[in-house]
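*Asks:* Sequence and computational prediction follow.
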Amino acid sequence: MIDPDGFRPNVGIVLMRPDGRVFWARRVRRDGWQFPQGGMNTDETPLEAMYRELREETGLLPEHVAVLGATPGWLRYRLPQRAIRRNDRIVCVGQKQVWFLLKFVGEEDHLRLDLTEKPEFDHWRWVDFWYPLEHVVMFKRGVYTSALSHLAKYARQVAGTQAIPHPAFDLRPRGRRPQRRQATPALRRRDDGAPA
């Protein structure tokens, strides 16, 4: 299912332990790491798609998580030109996503990456909340920044501000960051103290 603008509806999942660390997984046969995510079926709500993707990609069931929050509306990212399949009947240019923050309440052995014929991930680890912003593939960074920025308030309610500090870097997209002001050059003075 692709919308008229070429975006495929999708859900993203930030799975967080009570200590604020988040689930970070490596894609099968690739060196790319990301959060679980996946497309929505036409008959699914975002919440239903999230639970299905959670089971398929991590092996977790609804009783292993608690939903803490979700992003309002769709967050979008565009695929790089090399990843767009132009010979498909309907061209997909990117994803539009609803992101969910889940608190992990299960046990580590509930996590299973091998429940489907084609697993999405082959390895996982727990990382600091903001770590993915600097380590996800570049074309997803804007969406990750928007999702984590919105979900951080829910994460802090569980893990506290020590575990989820305000990031030490500017979260605004590059085009919206204020320009650094140039220092005004000091007036040169002649030896007698008058301006040159």
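*Replies:* Structure received. Numbers count the residues shown, from 1 in each chain.
*Asks:* can you map out the strands along the protein?
*Replies:* 7-16, 22-27, 33-34, 37-39, 65-70, 75-78, 94-104, 121-127 (DSSP state E).
*Asks:* a markdown table for the ones you listed, including mean neighbour count?
*Replies:* Using the backbone N, CA and C atoms, a C-beta is placed for each residue, glycine as well. Formatted as a markdown table, the entries for the strands of the chain read as follows, by neighbours: other CB atoms under 10 Å:
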| stretch | mean neighbour count |
| --- | --- |
| strand 7-16 | 23 |
| strand 22-27 | 21 |
| strand 33-34 | 19 |
| strand 37-39 | 18 |
| strand 65-70 | 18 |
| strand 75-78 | 18 |
| strand 94-104 | 23 |
| strand 121-127 | 15 |
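*Asks:* Under the pLDDT cut-off, which ranges of this protein? List them.
*Replies:* Within the chain, the segments meeting pLDDT under 70 span 83, 87-88, 169-196.
*Asks:* now residue 107: how far from residue 152?
*Replies:* Using CB to CB, to the nearest Å, we find residue 107 at a distance of 26 Å from residue 152.
*Asks:* So these two - more neighbours on which side?
*Replies:* The neighbour count for residue 107 versus residue 152, taken as other CB atoms under 10 Å, is higher for residue 152 (23 against 8).
*Asks:* Could I get the contacting residues of that one?
*Replies:* When the contact criterion is CB atoms under 8 Å, 6 or more residues apart in numbering, the partners of residue 152 are 129, 164.
*Asks:* With residue 73 instead?
*Replies:* Applying CB under 8 Å, 6+ apart, the residues contacting residue 73 are residue 98.
*Asks:* same thing with residue 56?
*Replies:* When the contact criterion is CB under 8 Å, 6+ apart, the partners of residue 56 are 38, 115-116, 120.
*Asks:* Tell me what angle the lengthiest helix in the chain forms with strand 94-104.
*Replies:* The residue-count maximum for a helix in the chain (DSSP state H) belongs to helix 141-163. Regarding helix 141-163 and strand 94-104, their directions subtend 20 degrees when assessed with axes from the mean of the first three to the mean of the last three CA atoms, to 10 degrees.
*Asks:* in helix 141-163, what's buried?
*Replies:* Neighbour-count burial for helix 141-163 flags 141-152, 154-156, 158-159, 163 (criterion: 16 or more other CB atoms under 10 Å).
*Asks:* tell me how far that helix is from the chain's mean position?
*Replies:* On the basis of CA atoms, centre = their mean, to the nearest Å, the separation between the geometric centre of helix 141-163 and that of its chain is 10 Å.
*Asks:* Against residue 99, how distant is residue 146?
*Replies:* For residue 146, the distance to residue 99 under the criterion CB to CB works out to 8 Å.
*Asks:* what is in contact with the two at once?
*Replies:* Between them, residue 146 and residue 99 share the contacting residues 71, 75, judged by CB under 8 Å, 6+ apart.
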